[in-house]
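[1] build the 3D model from these lines:
(one chain, ligands or ions: 1)
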Amino acid sequence: MTIAQKFTVDDREFAGKRILVTGGTKGAGEAIVARLSAAGAAVLTTARSALPDALSPKLFVQADVSTLAGTETVAAEVMERLGGVDIIVHSVGGSKSPGGGFAGLTDQLWQDELSLNLLAAVRLDRLLVPHMIEQGSGAIVHISSIQRRLPLHESTIAYAAAKAALSTYSKALSKDLGPKGIRVNTVAPGWIHTSASEAMVKRLAAHSGSDEETARQGIMDALGGIPIGRPAWPHEVAELVAFLVSDRASAIHGAEYVIDGGTIPIV
Ligand SMILES: NC(=O)c1ccc[n+]([C@@H]2O[C@H](COP(=O)([O-])OP(=O)(O)OC[C@H]3O[C@@H](n4cnc5c(N)ncnc54)[C@H](OP(=O)(O)O)[C@@H]3O)[C@@H](O)[C@H]2O)c1
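    Numbering: from 1, shown residues only. Sure, this is the predicted structure:
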């Protein structure tokens, strides 16, 4: 089933829009690329690995955006191939830290989590936002996480701290860019059913010597449960992002939208 079949999509809504989505070959990023492409946008996406055979976005840049050089490559390709940018969705992110809590988090792991989950967005914005300012319009979404408010301690302390910094950065950026015609918002997902979240389940099971079902339940317990009874699907996250970067959300700015099935238990 395609994204377009799941929700009704106006296939002209983003016609003429030039969009960068980082990390768009898997998970939520892949769904965001599909959703915005289905609505008529020219979408350029990135990943470290070569483009999987099953995917065929016309615009793809292979680069590691956790490095300064990688972001410079991506920004240069965006300008070269799209001729400018109207919308940026910073979807890239994730954690590869092992279980074991704070003690297992080496300095290198902290650096890696901050580079991927915070600095990739900071650097790409610094490179591309001046073009948006020149044109006097644009929309940016930073994909954070509910862990910025509800951090888990078993393996994702550094990831949660990096996402907290990303959300704070996004809010500060919105204050600067709002008067210049550029909207900036944050989306904070809870658990999304992706290959990355399943890989985390496997890592935690391996670390604790248990099975995957026990590890999955451990995450649910640590989160305090998910009231709707399931993680979100990537296409549900994509739908929220598509709304936020569209003109339908023209007065929504400097906000954070949580999509977690009710996981955060407080107001
Ligand atoms: N999954 C969840 O439960 C969950 C929950 C809350 C928030 N989030 C956030 O939602 C966003 C998407 O997560 P996801 O789980 O859908 O991601 P995912 O399935 O792991 O996909 C990550 C994408 O980013 C690319 N990527 C990873 N590292 C990269 C790098 N250094 N440079 C360039 N590309 C890179 C991957 O391709 P390559 O591997 O080929 O590079 C892939 O296309 C992230 O910001 C994540 O933190 C996810």
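
[2] hmm, the strand ranked longest in the chain touching the ligand?
    Ranked by number of residues, the top strand in the chain under DSSP state E is strand 182-189. Yes. Using Cβ under 6 Å from any ligand atom, strand 182-189 comes into contact with the ligand via P189. C-betas here are computed from N, CA, C, even on glycine.

[3] output the contacting helices and strands for that strand.
    In terms of contacts (3 or more Cβ pairs under 8 Å, 6 or more residues apart in numbering; DSSP states H and E), strand 182-189 is packed against helix 120-135, strand 138-143, helix 157-177, helix 234-245, strand 256-259.

[4] for the ligand, what are the nearby residues on the stretch 101-250 of the chain?
    Residues of the stretch 101-250 of the chain lying near the ligand by Cβ under 6 Å from any ligand atom: L116, I143, S145, P189, W191, I192, T194, S195, A196, S197.

[5] ok, the second one - contacts?
    The neighbourhood of I143, defined by Cβ atoms under 8 Å, 6 or more residues apart in numbering, consists of A28, V89, H90, S91, G93, T186, V187, P189, V237, V241.

[6] same thing with the last one?
    By Cβ under 8 Å, 6+ apart, the contact set of S197 is W191, P231.

[7] can you tell me which of the contacts of I143 is nearest the ligand?
    Nearest to the ligand among the contacts of I143 is G93, at 2.3 Å by Cβ to the nearest ligand atom.

[8] that's a strand at that closest one, yeah?
    No. Using DSSP: H, G, I helix; E, B strand; the rest coil, the assignment for G93 is coil, not a strand.

[9] any idea of the pLDDT on the closest residue to it other than its chain neighbours?
    Once flanking residues are discounted, G93 sits nearest to N117: 4.7 Å by Cβ to Cβ, 6 or more residues apart in numbering. Here the pLDDT value assigned to N117 is 98.

[10] ok, E213 next?
    89.

[11] give me the neighbour count for it.
    Other residues near E213 number 10, with proximity taken as other Cβ atoms under 10 Å.

[12] repeat that for V85.
    Neighbours around V85, by other Cβ under 10 Å: 24.

[13] where does it sit, in terms of helix or strand?
    If you go by DSSP states H and E, V85 is not part of any helix or strand.

[14] of all pairs in the residues of the stretch 101-250 of the chain next to the ligand, which one spans the longest distance?
    L116 and W191 (18.9 Å; Cβ to Cβ).

[15] any stretches of the chain with poor pLDDT?
    Applying pLDDT under 70 to the chain flags residues 1-6, 57.

[16] need the residue closest to the centroid of it.
    S91 (2.3 Å; Cα atoms, centre = their mean).

[17] ok, it - contacts?
    The contact partners of S91, taken as Cβ under 8 Å, 6+ apart, are V21, T22, G23, G24, G27, A28, G29, I32, I143, V241.

[18] just give me the neighbour total for the nearest residue to the third one once chain neighbours are set aside.
    It refers to G23. In this structure, G23 finds its nearest non-sequential neighbour in V92, 3.3 Å apart by Cβ to Cβ, 6+ apart. Neighbourhood size, V92 [other Cβ under 10 Å]: 24.

[19] isn't V92 right up against L116?
    Yes. Judged on Cβ atoms under 8 Å, V92 makes contact with L116 at a distance of 6.7 Å.

[20] what do the two both touch?
    Common neighbours of V92 and L116 (Cβ under 8 Å, 6+ apart) are V65.

[21] re the thing from before, just the residues of the stretch 101-250 of the chain next to the ligand now: which is nearest A255?
    I143 (13.9 Å).

[22] what residues are bridge-paired with the closest one?
    V187 (DSSP bridges).
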